[in-house]
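Colleague: Build the 3D model from these lines:
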Amino acid sequence: MPPTVNKSRNEGRQQERNNEDGAHNDELGTDARHPSLHEFEFLTREKGDATGTQAGLIHTLGAAQQAPIATPGVGDHLGLSQRINELFSRYAFAVHPFHCLSSTPRNRLSSRYGVTCGVLRVRVATFNVNSLRARLPVFLHWLDTAGPDVVALQEIKTVEETFPRAEIEERGYHLAIHGQKTYNGVALLSRTPMEDVVKGLPGEAFNQDARVISATINGVRIVNTYVPNGTKIGSDKFAYKLAWLEHFDEVMRQIESGPALWLGDINIAPTSDDLFEPEKKLGVVGYHPEEHVRLARLTDRGWTDVFRRDTEGPGHYTFWEYMIPNGFKRNLGWRIDHIYATPSLVDRCQDCYVDKDPRGMERPSDHTPVVVTVNPA
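Modeller: Residues are numbered from 1 along each chain as shown. From the prediction side, this is the model:
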């Protein structure tokens with residue numbers, strides 16, 4: 001049984017996305033994200049119109065396919081030609097994720113899988129899971145239903161040896177893990193191979209904890225961070241947070257000339273719209289002028305908060321404390337999980353939204369994912 005979802009608060013956003021796509025998730029079946037390669041090959045041969053690219057794709061993926069999941073009853077919902085295009089487009093992502101594989105216009109394709117007329121897009125998400133093993137049912141249910149292509153995880157709270165690798169790899173993801181027992185820990189998941197994986201920051205003083213992992217995915221540098229909380233104003237931990245941000249700023253200067261995303265649990269609410277009752281919280285950890293100054297050093301150089309570029313106003317939160325009674329239902333939260341894009345990438349980013357569904361499940365994280373679609377160059 002999947003975790004229970006509080007649909008009443010979140011179904012509107014999903015319905016909106018489904019209407020835009022013209023296709024509901026249920027239309028393709030729960031496991032349509034992993035259609036069988038054998039089904040694709042059969043349908044193509046049955047129709048007798050496999051292109052050279054499609055035929056080559058069948059051969060290429062034959063040896064590389066990872067744990068396909070059957071898609072019962074799909075033929076009852078989609079026409080044969082459309083089903084071929086669905087399968088082709090999804091498997092094509094594994095080979096050339098940012099390229100138009102065919103000039104032939106496709107039939108209607110679900111943007112959930114990042115496909116528009118043969119041009120493939122990538123959906124990138126950040127999610128502080130607050131202990132991956134403890135939240136594994138919630139996380140896997142979200143992974144199966146949301147179908148992101150790249151995921152940045154924070155607070156996995158596990159070392160690599162105990163990371164639930166099999167459950168995630170069987171869903172078609174490559175993994176890069178920078179783990180830590182009990183606390184912290186970050187990881188990257190990607191449907192395509194990652195290059196130049198770097199764990200941590202330069203300098204021993206800022207690598208006491210597993211807080212940063214970065215990699216290049218399809219030409220885009222992805223920097224996943226779990227910024228220190230700071231705990232209390234005037235404490236050594238708050239001073240460390242400010243110093244950490246100073247050091248991180250210097251590191252980011254080295255990559256910001258190219259296409260890059262900085263995402264994760266940043267532990268800063270940038271404006272008064274990004275937390276409930278801001279008039280009572282100015283000067284507390286997470287909403288302190290010293291934190292804002294350090295964040296502004298990056299945004300002043302062109303790093304763009306892609307969610308705020310398109311969405312204004314209060315109430316759009318990503319974190320709700322457990323200790324506040326009914327805090328999630330009352331929407332007493334903070335927006336501290338962010339996705340920032342460099343000037344050369346920001347125009348390729350669209351449809352950035354907060355996915356509240358996981359927070360409404362049983363035994364959830366106190367955070368919820370933020371998702372953005374990245375278009376090809």
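Colleague: Only C-alpha atoms from now on, for both contacts and neighbour counts.
Modeller: Fine.
Colleague: Kindly export stretch 200-216 (C-alpha atoms) in CSV.
Modeller: Extracted in CSV, the C-alpha atoms of stretch 200-216 (Å, rounded to 0.1, in the frame of the first residue of the first chain):
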residue,chain,number,x,y,z
GLY,A,200,32.3,18.4,-0.2
LEU,A,201,33.9,21.8,-0.5
PRO,A,202,37.5,22.7,-0.8
GLY,A,203,39.2,23.2,2.5
GLU,A,204,39.1,20.9,5.5
ALA,A,205,37.5,23.4,7.8
PHE,A,206,34.3,23.3,5.9
ASN,A,207,34.1,19.6,5.4
GLN,A,208,33.3,18.5,8.9
ASP,A,209,29.9,17.3,7.7
ALA,A,210,28.5,15.8,4.5
ARG,A,211,26.7,18.9,3.1
VAL,A,212,27.6,19.3,-0.5
ILE,A,213,27.8,17.1,-3.6
SER,A,214,28.0,18.4,-7.2
ALA,A,215,28.1,16.8,-10.6
THR,A,216,27.7,17.7,-14.3
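Colleague: mean confidence score for that stretch?
Modeller: For stretch 200-216, mean pLDDT is 93.
Colleague: how about that stretch: buried residues?
Modeller: Residues 200-201, 206, 209-216 are the ones in stretch 200-216 that count as buried (16 or more other Cα atoms under 10 Å).
Colleague: Quick one: residues in contact with it.
Modeller: Identification of contacts with stretch 200-216 by Cα atoms under 8 Å, 6 or more residues apart in numbering yields 154, 176-180, 184-188, 194-199, 221-228, 244, 248, 251.
Colleague: Which of the residues you listed are buried, as a ChimeraX select command?
Modeller: The buried residues among the contacts of stretch 200-216 can be selected in ChimeraX (16+ other Cα under 10 Å) with this line:
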select :154,176,177,178,179,180,184,185,186,187,188,194,197,198,199,221,222,223,224,225,226,227,228,244,248
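Colleague: Point out the ones among the contacts of stretch 200-216 that are inside helices.
Modeller: Judged by DSSP state H, the contacts of stretch 200-216 include 244, 248, 251 as members of helices.
Colleague: Among the contacts of stretch 200-216, which ones are in strands?
Modeller: Within those, residues falling in strands by DSSP state E are 154, 176-178, 186-188, 195-199, 221-226.
Colleague: Please flag which of the buried residues of stretch 200-216 sit within strands.
Modeller: 212-216.
Colleague: would you list these in JSON lines and tack on distance to E161?
Modeller: Putting these into JSON lines (distance: Cα to Cα, whole Å) gives the following:
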{"residue": "V212", "distance to E161": "18"}
{"residue": "I213", "distance to E161": "17"}
{"residue": "S214", "distance to E161": "20"}
{"residue": "A215", "distance to E161": "21"}
{"residue": "T216", "distance to E161": "24"}
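Colleague: Please identify which of those residues is nearest to K237.
Modeller: Within these, proximity to K237 (Cα to Cα) peaks at V212, which comes in at 17.5 Å.
Colleague: ok, that closest one to E277 distance?
Modeller: 31 Å (Cα to Cα, to the nearest Å).
Colleague: again with T231
Modeller: Distance from T231 to E277, counting by Cα to Cα: 19 Å.
Colleague: Now the closest residue to N130 other than its chain neighbours: phi and psi?
Modeller: Leaving aside its sequence neighbours, N130 sits nearest to E155 (Cα to Cα, 6 or more residues apart in numbering; 5.0 Å). Main-chain torsions, E155, degrees, to the nearest 10: phi 50, psi 50.
Colleague: For E155, give me its contacts.
Modeller: With Cα under 8 Å, 6+ apart, E155 has these contacts: 128-132, 183-186, 226.
Colleague: got any ranges where this structure has weak pLDDT?
Modeller: 1-119 (pLDDT under 70).
Colleague: domain ranges for it?
Modeller: The record's domain parsing of the chain by automatic domain parsing lists 7-120, 122-374.
Colleague: Skipping adjacent residues, who's closest to F248 in space?
Modeller: Using Cα to Cα, 6+ apart, the nearest residue to F248 is L201, at 7.6 Å.
Colleague: try R211
Modeller: Using Cα to Cα, 6+ apart, the nearest residue to R211 is Y226, at 4.9 Å.
Colleague: Now flag whichever of the buried residues of stretch 200-216 is closest to R359.
Modeller: Closest approach between the buried residues of stretch 200-216 and R359, by Cα to Cα: R211, at 22.6 Å.
Colleague: A strand includes A166, no?
Modeller: No: going by DSSP: H, G, I helix; E, B strand; the rest coil, the assignment for A166 is helix, not a strand.
Colleague: any idea how far it is from A296?
Modeller: Taking Cα to Cα, one finds A166 at 40 Å from A296.
Colleague: More neighbours: the two, which one.
Modeller: Taking other Cα atoms under 10 Å, A166 and A296 do not tie; A296 has more neighbours (14 against 9).
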